[in-house]
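In: compute the structure for the input listed below.
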Amino acid sequence: MMADRVDVSHVQPARDGKPEVLLCDSYRKEGDEVATLSRLRRELQLDRYRCTTLLRSGEYQMVQVEAPRVPPAEAKQAVRWRIKDMIDYPVEAATVDAVFIPAAGGAGSASPQMFAVAARNDLIAATMKRFNEAGVPLEVIDIPELAQRNLAQRYEEEGRALAFLGFDESGGLLTLTCGGELFQYRRIDSPLAYSSDAGSEPRQGLYDRIVLELQRSLDHFDRQFRHMSVSRVMISPVPGAEEMRAYLAAHLDVPVAVLDLSRAVDFPHVPELREPERQARCLHAIGAAMREEAA
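Out: The predicted structure follows:
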């Protein structure tokens, strides 16, 4: 849910082939968010579905911590106290969830790690209240890092990691995944989103900063996960993506490709997704809709 619009995506899970995007559209906010959600519930029959919403950058904190030495079923509760000095408000006022980071492997592996995600209780309560008042069944409040992971896994090569650089209104988001698991992430301050105008900063200067951030992340990943090589870097198809791809490829030691959404999902009933810019804008909404709960 953006400041001026609501992006809605519905993805049918894969059975024999690729997942299918049945709906992907943006709707202008009219009135407050409850009024907008109520209108969409009526127009799209949202009360028939299990709905997910994404927090925006700045609405949560995500930190890497050593996993508590407790049974896995108790780890998410115990991790609260690991992060109490790592967030900028009292942990008692936080809603906390966590996901395990797969072990690095090899002799002398470090202690198990987790990504802990914290958001203020009042923000989570307000989000749930808006959906409840609108009559929209909200099942999951998720974050862009995990939505991007859901999509990235469709481009992975077996046994190798994928670096995926996506862009949204808040800037760049780099995720490193393998086997459908998130191993590393990094936020990159970048004005390169959906406009071909990168702002006042010359494009080469912007690309140099992105290259530096990618090199740092790839070097860190290589040191931490030596058993797992990165197959390539993929970037979302923002305007000017091919120019950026060529620049990154000339300065990195791994192949660089521009994402083609049609390789991961089918969308015969959403023809506007054939446009690269529309793909770029919708990636996180589609990734969130691809969430699958473990059995």
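In: grab the nearest non-local neighbour of residue 264.
Out: What sits nearest to residue 264 in space, not counting adjacent residues and going by C-beta to C-beta, 6 or more residues apart in numbering, is residue 154, at 3.7 Å. For glycine as for every other residue, the C-beta is placed from the backbone atoms N, C-alpha and C.
In: can you report how many residues lie near the one you found?
Out: Using other C-beta atoms under 10 Å, residue 154 is surrounded by 18 other residues.
In: my read: it touches residue 263, true?
Out: Yes - if you go by C-beta atoms under 8 Å, residue 154 and residue 263 touch, sitting 7.5 Å apart.
In: circling back to that earlier point, could you measure from the residue nearest to residue 264 over to residue 177?
Out: Using C-beta to C-beta, to the nearest Å, one gets 10 Å for the distance from residue 154 to residue 177.
In: residue 168 too?
Out: From residue 168 to residue 177 the distance is 18 Å (C-beta to C-beta).
In: check residue 253 too.
Out: Residue 253 is 19 Å from residue 177, by C-beta to C-beta.
In: can you show me the helices along the stretch 151-295 of the chain?
Out: With DSSP state H, counting those that start in this stretch, the ranges of helices along the stretch 151-295 of the chain come out as 203-224, 241-251, 276-289.
In: now do the longest one: which elements does it pack against?
Out: Going back to what we said before, that points to helix 203-224. Packing partners of helix 203-224 (3 or more C-beta pairs under 8 Å, 6 or more residues apart in numbering; DSSP states H and E): strand 161-168, strand 171-178, strand 181-188, strand 230-235, helix 241-251.
In: these: which one's closest to residue 70?
Out: strand 181-188 (20.8 Å; C-beta to C-beta).
In: run the chain-centre distance for that closest one.
Out: The chain centroid and the centroid of strand 181-188 are separated by 9 Å under C-alpha atoms, centre = their mean, to the nearest Å.
In: quick check: angle from it to helix 203-224?
Out: 150 degrees (axes from the mean of the first three to the mean of the last three C-alpha atoms, to 10 degrees).
In: what helices or strands is strand 181-188 leaning on?
Out: Strand 181-188 sits against strand 94-101, helix 144-152, strand 171-178, helix 203-224, with contacts defined as 3+ C-beta pairs under 8 Å, 6+ apart.
In: figure out which of those is closest to residue 26.
Out: helix 144-152 (16.1 Å).
In: what about residue 6, neighbour count?
Out: Other residues close to residue 6 by other C-beta under 10 Å number 18.
In: just give the nearest non-adjacent residue to it, would you?
Out: residue 27 (5.0 Å).
In: look up phi and psi at the one you found.
Out: Main-chain dihedrals, residue 27, degrees, to the nearest 10: phi -130, psi 130.
In: ok, now which ones touch it?
Out: If you count contacts by C-beta atoms under 8 Å, 6 or more residues apart in numbering, residue 27 has them with 5, 6, 7, 8, 36, 39, 40.
In: what do you get for residue 124?
Out: Going by C-beta under 8 Å, 6+ apart, the list of residues near residue 124 reads 95, 141.
In: ok, so what distance separates it from residue 180?
Out: For residue 124 relative to residue 180 (C-beta to C-beta), the value is 26 Å.
In: lovely, talk soon.
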